[in-house]
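Q: This is a predicted model, with the sequence first.
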Amino acid sequence: MIRVVFNQKGGVGKSSIAVNLAAISAHNGLKTLVVDLDPQCNSTHYLLGDDSNLPDSDMRDFFEQTLAFQLKPHPVSNYVHPTPFENLWLIPSNPDLTDLQSKLESKHKIYKLRDALQELRESYDVIYIDTPPAFNFFTLSALAGAERCLIPFDCDEFARQALYSLLNNIEETRADHNAALTVEGIVVNQFQPRASLPQRMVAELEAETVPVMRSRISSSVKMKESHNEARPLIHLAPAHKLTQEFIALYNELHGGKRAD
């Protein structure tokens with residue numbers, strides 16, 4: 001299963017959601033891969049720590065290879081690296097990834113990631129793709145190669161306005177590039193259950209038949225601690241309320257299968 005986590009708005013928790021769901025998947029014994037397509041490298045640093053731990057091959061090298069014809073290109077597995085966590089692997093991002101975008105667009109390399117993902121799925125049970133907060137070449141590549149799309153939403157009026165544009169973009173991508181793509185659900189992140197605005201906004205979305213996930217992810221300083229220590233919540237604080245919310249979301253996504 002190949003799942004992309006995407007929202008055109010920044011700061012909605014894409015990397016946190018992608019990494020923590022992937023970590024739970026790996027904790028459950030599934031061979032799990034995270035593909036970091038965001039030049040901000042948040043998922044990469046979340047899993048590997050500071051720059052001293054970063055490997056010497058990453059998504060930039062993968063895309064650079066697609067721009068140069070080679071009789072025997074390196075297999076995509078060359079760009080996959082282990083993380084400190086069992087069953088969890090990563091293709092890191094690179095801040096210089098943005099510099100390649102115009103070249104990749106001009107040479108119509110939109111399906112190169114899709115082809116790589118099809119090769120990788122033979123070796124992994126689950127693949128999570130973290131994307132930039134923009135509808136650009138890299139995001140479109142991810143949507144063209146994924147089966148499911150998960151959309152973080154932070155109960156902000158601007159985020160709600162952008163949500164409809166995002167859903168239209170995904171629908172257009174499905175029509176033009178990937179008929180198998182489905183919107184799996186909208187994840188309400190940084191939820192404040194006692195505040196009236198988030199409750200009203202979620203209720204309105206549900207009334208409009210937007211596919212909102214039942215599980216909510218609360219706002220918590222524990223997430224910042226998790227980022228700072230480069231340890232997903234399932235490893236940092238398995239009994240914490242926030243961790244249990246991610247487990248509930250994972251179980252909902254996987255049809256009630258429990259994560260211990």
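A: Arrived safely. Model, not experiment: these values are computed from the prediction. Numbering: from 1, shown residues only.
Q: which residues of the stretch 1-150 of the chain fall in strands?
A: All strands of the stretch 1-150 of the chain, identified by DSSP state E, counting those that start in this stretch, fall at 2-5, 32-36, 81-82, 88-91, 126-130, 148-153.
Q: Confidence-wise, which helix or strand of this structure is lowest on average?
A: In the chain, no helix or strand scores lower on mean pLDDT, DSSP states H and E than helix 196-207, which sits at a mean of 76.
Q: quick one: that one to strand 148-153, angle?
A: Relative orientation of helix 196-207 versus strand 148-153 (axes from the mean of the first three to the mean of the last three C-alpha atoms, to 10 degrees): 150 degrees.
Q: Neighbouring strands - and their directions - for the next helix or strand after helix 196-207?
A: Once helix 196-207 ends, the next helix or strand along the chain (criterion: DSSP states H and E) is strand 212-218. Paired strands of strand 212-218, with direction, are strand 182-191 (parallel) (DSSP bridges).
Q: buried sites along the partner strand?
A: Residues of strand 182-191 classed as buried under the neighbour-count rule (16 or more other C-beta atoms under 10 Å) are V183, E184, G185, I186, V187, V188, N189, Q190, F191. C-beta coordinates here come from the backbone N, C-alpha and C atoms, glycine included.
Q: Could you report the separation of K14 from R148?
A: 15 Å (C-beta to C-beta, to the nearest Å).
Q: should've said I2
A: Counting by C-beta to C-beta, the gap from I2 to R148 is 7 Å.
Q: Tell me which of K14 and R148 has more neighbours.
A: K14 (28 against 16; other C-beta atoms under 10 Å).
Q: In contact with the nearest residue to the more buried one once chain neighbours are set aside, which residues?
A: Take K14 and drop its neighbours on the chain: the residue closest to it by C-beta to C-beta, 6 or more residues apart in numbering is V5, 5.0 Å away. If you count contacts by C-beta atoms under 8 Å, 6 or more residues apart in numbering, V5 has them with K14, S15, I17, A18, Y128, I129, D130, T131, C149, L150, I151, P152.
Q: Just the pLDDT for the residue nearest to the last one when sequence neighbours are not counted.
A: It stands for P152. The shortest distance from P152 to any residue other than its chain neighbours is 4.2 Å, reached at V12 (C-beta to C-beta, 6+ apart). As predicted, V12 sits at a pLDDT of 84.
Q: Give the burial count for V12, as a bare number.
A: So V12, with other C-beta under 10 Å, has 24 neighbours.
Q: Next: H74.
A: Neighbour count for H74, taken as other C-beta under 10 Å: 12.
Q: Leaving out chain neighbours, which residue sits closest to it?
A: Q65 (6.2 Å).
Q: Could you list every helix and strand that the least confident helix or strand of the chain packs against?
A: Here helix 196-207 touches helix 157-176, strand 182-191, strand 212-218, going by 3 or more C-beta pairs under 8 Å, 6 or more residues apart in numbering; DSSP states H and E.
Q: Any idea which of those has the lowest pLDDT on average?
A: helix 157-176 (a mean of 85).
Q: relative to helix 196-207, how tilted is it?
A: Using the same axes, to 10 degrees: helix 157-176 against helix 196-207 is 20 degrees.
Q: Thanks again, I'm all set now.
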